[in-house]
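S.K.: Have a look at this prediction, sequence included:
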Amino acid sequence: MSLIIGLIGIVFAIGYAFLNEGKGGFQGYFSMPAFVLLMVGPPSIMMLSHSLTDLLTGIRILFSAQFNRQAKLHEEVIEVLTNAAKSARSDGLGVIIQYRDKAKYDLLRDGLALIVNDFKPEEIRNNLMARINLKQTRMQLASSLFENMSRLCPGVGMIGTLMGLIGMLSHMGDPAKIGSNMALAMITTLYGLGLGTIIYGPWAEKIALEAERSLEIDMLVVEGVLNIKGKKSSMHLKDLVKSYGAKDKDNKGGGAGASDKRGA
């Protein structure tokens, strides 16, 4: 399905630019053929190697990042883990059911459910880590998609530039068409560089950073759930929370990457 969507988009983008390259669509810094070529072309090309899910995942991550959801999730995870640990030590693991039902974060809810169902610590860790690895893979694919689009945009812009130059040389006797084709030649290069450098590149970096922060929260969930399962002291959980909280602050300032966090 992604392959078909990609091929259709590529044909449409290039075809539209070809059919409209001599119609004088340039108004200042806007050219509809160039706009269509650069907005449709790179995403369609990436559909040849990535899935539509990767694109939608990236868009969802970018949208969530605008509302600072990672910080809210971090606070919720800490609160639930702290309260659940205290209750488990005083009232037993059966009380975890009420915290499982209240938890909004999927991984936290699943981890508490594993405790309720009396899974062994190693089984809990393996189960949760498998989910974390799958989630990280999806986020990395989304980041890779936007990063590759940032590299593609200048190349697609050059396609439009060559199309415009060819159209200009083909209508040397018509000054009006020479001007519109020259506009297409120049504006596609501008659009390609602008989209790749200002839009897609930063978006790819943003998704990668969100993946790192998500990994911090998920690893906190894993260690916190195992802490509750083992009925360890609240001091141990507090130290754990402080440790992951410090790492989260370091990441916001450009700290260690995801590979370091996996060993936490």
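M.R.: The structure has been received and is ready for your questions.
S.K.: Name the SS class of residue 67, please.
M.R.: Per DSSP: H, G, I helix; E, B strand; the rest coil, the secondary structure class of residue 67 is coil.
S.K.: Any idea how many residues pack against it?
M.R.: Residue 67: 9 surrounding residues under other CB atoms under 10 Å. Every residue, glycine included, has its C-beta placed from N, CA and C.
S.K.: so what's the backbone phi/psi at residue 231?
M.R.: Main-chain torsions, residue 231, degrees, to the nearest 10: phi 50, psi 40.
S.K.: so what's it up against?
M.R.: Neighbouring residues of residue 231 by CB atoms under 8 Å, 6 or more residues apart in numbering: 88, 89, 93.
S.K.: Please report which of those residues has the highest neighbour count.
M.R.: Across the contacts of residue 231, neighbour numbers were computed from other CB under 10 Å; residue 88 holds the maximum, 22 neighbours.
S.K.: ok, and for whichever helix or strand residue 213 is part of, which residues are buried?
M.R.: Using DSSP states H and E, residue 213 sits in helix 201-229. Residues of helix 201-229 classed as buried: 201, 203-204, 206-229 (neighbour count, 16 or more other CB atoms under 10 Å).
S.K.: circling back to that earlier point, between the contacts of residue 231, which is closest to residue 99?
M.R.: Of all the contacts of residue 231, residue 88 has the smallest distance to residue 99: 8.8 Å, by CB to CB.
S.K.: Contacts only, for that closest one.
M.R.: Contacts for residue 88 were tallied using CB under 8 Å, 6+ apart; they are 95, 96, 228, 231.
S.K.: The same query, at a cut-off of 10 Å, please.
M.R.: Residues near residue 88 by CB atoms under 10 Å, 6 or more residues apart in numbering: 94, 95, 96, 99, 112, 115, 227, 228, 229, 230, 231, 232.
S.K.: again with residue 63
M.R.: Contacts of residue 63 (CB under 10 Å, 6+ apart): residue 69.
S.K.: So it versus residue 203, what's the distance?
M.R.: 11 Å (CB to CB, to the nearest Å).
S.K.: same question, residue 67
M.R.: Taking CB to CB, one finds residue 67 at 16 Å from residue 203.
S.K.: And residue 190, by the same measure?
M.R.: Residue 190 is 19 Å from residue 203, where distance means CB to CB.
S.K.: Could you pull up phi and psi at residue 31?
M.R.: According to degrees, to the nearest 10, residue 31 has phi -140, psi 120.
S.K.: how deep is it tucked in, by neighbour count?
M.R.: Counted by other CB under 10 Å, the residues lying close to residue 31 total 28.
S.K.: what does residue 195 give?
M.R.: Residue 195 has 22 neighbouring residues, counting by other CB under 10 Å.
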